[in-house]
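Colleague: for reference, the sequence and a predicted model appear below.
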Amino acid sequence: FSNCAWPVMQSSEGLGNYLGGPDEQARYWLTPFDRKYQTMEIRARFPHSRYFSIVAYNGNDRALPASTAGHFYDAMIAPDPGSADPYRQSTSSRRPTGAPVGDAYTIYVTRGKDIPGAANVIKVTEHDAWVYVRIYVPSPIDSLSGTAFTGGVPLPTLKLYEPGKAVPEVMKPCPVDAPE
């Protein structure tokens, strides 16, 4: 599929324009979840935005998204130990863009059994699957590059766990460019 995470961005300026897709304020990043892996670990910091979510789709026999496996939207996500979910707090207490960041979360997408101690788990079928990150109305940033479209934080890093292998494959996010 790809050698980096989140290789496809859908927005009103780019791909979404041709697919009848998202409104002008939304950005979607897609990443495949190859059937050879058992579990995908998604680690990230909460973005500065009005709303964000992560959705996993079960694939069909042709590897196309076919049905929703599960999702987490911003206020549903249990933060990592020592972190806080800023979407569960009042607007006035949320960190401004550029403030020190420490609010992290982890979500698991798996074909296996429950993951002990994991608070955020989505189960998918044995087929290839797709995972989407949606960021709606990211907080303004002076630059239209880097993290401007991702709410001031990098896109999530992925760890892919293959059955029988002790060390996961780590996939860092693909570079994020400003839309053309």
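Modeller: On my side now, so go ahead.

Colleague: phi first, then psi, for the residue nearest the centre of the chain.
Modeller: The residue lying closest to the centre of the chain (Cα atoms, centre = their mean) is residue 133, at 3.6 Å. Backbone torsions for residue 133, taken as degrees, to the nearest 10, come to phi -110, psi 130.

Colleague: state the distance from it to residue 164.
Modeller: Counting by Cβ to Cβ, to the nearest Å, the gap from residue 133 to residue 164 is 29 Å. (Glycine included, C-beta is placed from N, CA and C.)

Colleague: again, but for residue 78
Modeller: When distance is defined by Cβ to Cβ, residue 78 is 29 Å away from residue 164.

Colleague: who has more neighbours out of those two?
Modeller: Neighbours per residue (other Cβ atoms under 10 Å) separate residue 78 from residue 164, with residue 78 holding more: 15 against 6.

Colleague: I figured that one hits residue 119, correct?
Modeller: Yes: assessed by Cβ atoms under 8 Å, residue 78 is found in contact with residue 119 at 3.5 Å.

Colleague: so residue 75 lies in a helix, does it not?
Modeller: Yes: under DSSP: H, G, I helix; E, B strand; the rest coil, residue 75 sits within a helix.

Colleague: which ones are touching the nearest residue to it once chain neighbours are set aside?
Modeller: Excluding its sequence neighbours, the residue lying closest to residue 75 (Cβ to Cβ, 6 or more residues apart in numbering) is residue 87, at 4.3 Å. Residues near residue 87 by Cβ atoms under 8 Å, 6 or more residues apart in numbering: 46, 74-75, 77.

Colleague: before we move on, back to that, assess the claim that the residue nearest to the centre of the chain and residue 29 are in contact.
Modeller: Yes: counting by Cβ under 8 Å, residue 29 is a contact partner of residue 133 at 4.6 Å.

Colleague: so where's the chain shaky on pLDDT?
Modeller: Residue ranges of the chain with pLDDT under 70: 1-2, 12-23, 90-102, 140-146, 176-180.

Colleague: show me where it has its strands.
Modeller: For the chain, strands defined by DSSP state E occupy the ranges 8-11, 26-33, 39-45, 49-59, 65-73, 104-110, 121-123, 129-138, 157-161, 169-171.

Colleague: can you list these in JSON lines and add distance to residue 150?
Modeller: Shown next, in JSON lines, are the strands of the chain (distance: least, Cβ to Cβ, whole Å):
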{"stretch": "strand 8-11", "distance to residue 150": "10"}
{"stretch": "strand 26-33", "distance to residue 150": "7"}
{"stretch": "strand 39-45", "distance to residue 150": "9"}
{"stretch": "strand 49-59", "distance to residue 150": "9"}
{"stretch": "strand 65-73", "distance to residue 150": "17"}
{"stretch": "strand 104-110", "distance to residue 150": "14"}
{"stretch": "strand 121-123", "distance to residue 150": "21"}
{"stretch": "strand 129-138", "distance to residue 150": "6"}
{"stretch": "strand 157-161", "distance to residue 150": "13"}
{"stretch": "strand 169-171", "distance to residue 150": "16"}
